[in-house]
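Colleague: Next one to model:
(chains A and B)
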Amino acid sequence: DGGITQSPKYLFRKEGQNVTLSCEQNLNHDAMYWYRQDPGQGLRLIYYSQIVNDFQKGDIAEGYSVSREKKESFPLTVTSAQKNPTAFYLCASSTPSSGYTFGSGTRLTVV
Amino acid sequence: DAKTTQPPSMDCAEGRAANLPCNHSTISGNEYVYWYRQIHSQGPQYIIHGLKNNETNEMASLIITEDRKSSTLILPHATLRDTAVYYCIVRVEARAGNNRKLIWGLGTSLAVNP
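Modeller: Residues are numbered from 1 along each chain as shown, chains lettered A, B, ... in the order given. Predicted structure coming up:
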């Protein structure tokens, strides 16, 4: 079945460390997105990519980095510059004529 | 970018219809209304979308007013598994490319009670 796979489901990070969240899709979608969700809040866009080797900053890109070397993959790195990284991270993909398909999310906790 | 307004919470009895309202008074003529729902600690799930005509699928019905300034999502026979946060979103064009960047509000937390 086609879909989006995020891993790991839970991730713990020590302060000062960089961590990378994985997002893989086999839907053949051109566009991919990373969102952050805090308790009781809506989704906020971190980065998005329209095509391979291209990506743009969203509303809260500071402290994050991404790459899009393959159509299927859009990993997100949470760097030590992100001051408050504990959150639920969601990856999504879409085509121009479709809605979004979301992964099941990664919950990141800084310890 | 068009924004949406939804009530923060609603209750519904199991087996009854759940009617979730959404206001989008600044919607443009070519913007669609999308509905998603999010069960706790999962990714949002697409439900339905429409432009100006009413739409129905196996999950729900979408009623859009003639002036397109508001819409209602209808779950015809709510079950306990429909307890979730429901998001009404107006689709805006991305600054570049053909894909859309959606703007998410806080949604409506629907509690279906036995």
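Colleague: quick one: the strands in the chain?
Modeller: By default, I'm working from chain A. A:4-7, A:10-13, A:19-25, A:31-37, A:43-49, A:56-57, A:64-66, A:76-78, A:87-94, A:101-102, A:106-110 (DSSP state E).
Colleague: my question was about chain B
Modeller: Going by DSSP E, chain B shows strands at B:9-13, B:18-23, B:33-38, B:45-50, B:55-56, B:61-64, B:70-75, B:84-93, B:100-102, B:108-113.
Colleague: Please point out which parts of the second one sit buried.
Modeller: Across strand B:18-23, burial judged by 16 or more other CB atoms under 10 Å in any protein chain shown covers B:18, B:20, B:22, B:23. From N, CA and C alone the C-beta is placed, and that goes for glycine too.
Colleague: Using CSV, please lay out the strands of chain B together with mean pLDDT and distance to residue A:26.
Modeller: Formatted as CSV, the strands of chain B follow (pLDDT from 0 to 100; distance: least, CB to CB, whole Å):
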stretch, mean pLDDT, distance to residue A:26
strand B:9-13, 97, 36
strand B:18-23, 97, 32
strand B:33-38, 93, 21
strand B:45-50, 92, 17
strand B:55-56, 96, 28
strand B:61-64, 97, 29
strand B:70-75, 97, 30
strand B:84-93, 85, 24
strand B:100-102, 65, 21
strand B:108-113, 96, 31
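Colleague: Among those, which comes closest to residue A:35?
Modeller: strand B:100-102 (9.4 Å; CB to CB).
Colleague: quick one on the thing from earlier: could the strands of chain B be laid out in TSV, adding distance to residue A:34?
Modeller: Shown next, in TSV, are the strands of chain B (distance: least, CB to CB, whole Å):
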stretch	distance to residue A:34
strand B:9-13	28
strand B:18-23	25
strand B:33-38	16
strand B:45-50	18
strand B:55-56	29
strand B:61-64	28
strand B:70-75	26
strand B:84-93	17
strand B:100-102	12
strand B:108-113	24
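Colleague: Spatially central residue for chain A, please.
Modeller: Note on chain A: the residue nearest the mean C-alpha position is residue A:34, at 3.2 Å, using CA atoms, centre = their mean.
Colleague: That one bridge partners, please.
Modeller: residue A:47, residue A:91 (DSSP bridges).
Colleague: Who are the contact partners of it?
Modeller: Counting by CB atoms under 8 Å, 6 or more residues apart in numbering or on different chains, residue A:34 touches A:21, A:23, A:45-48, A:58, A:64, A:66, A:74, A:76, A:89-91.
Colleague: quick one: which of those is nearest chain B?
Modeller: Top of the list for closeness to chain B, among the contacts of residue A:34 and by CB to the nearest CB, is residue A:90 at 5.4 Å.
Colleague: which residues touch that closest one?
Modeller: A:6, A:34, A:35, A:36, A:37, A:43, A:102, A:103, A:105, B:43, B:44.
Colleague: Relative to residue B:111, how far out is it?
Modeller: Look at residue A:90 and residue B:111: by CB to CB, to the nearest Å, they are 23 Å apart.
Colleague: just residue A:44 next, same as before
Modeller: Using CB to CB, residue A:44 is found at 25 Å from residue B:111.
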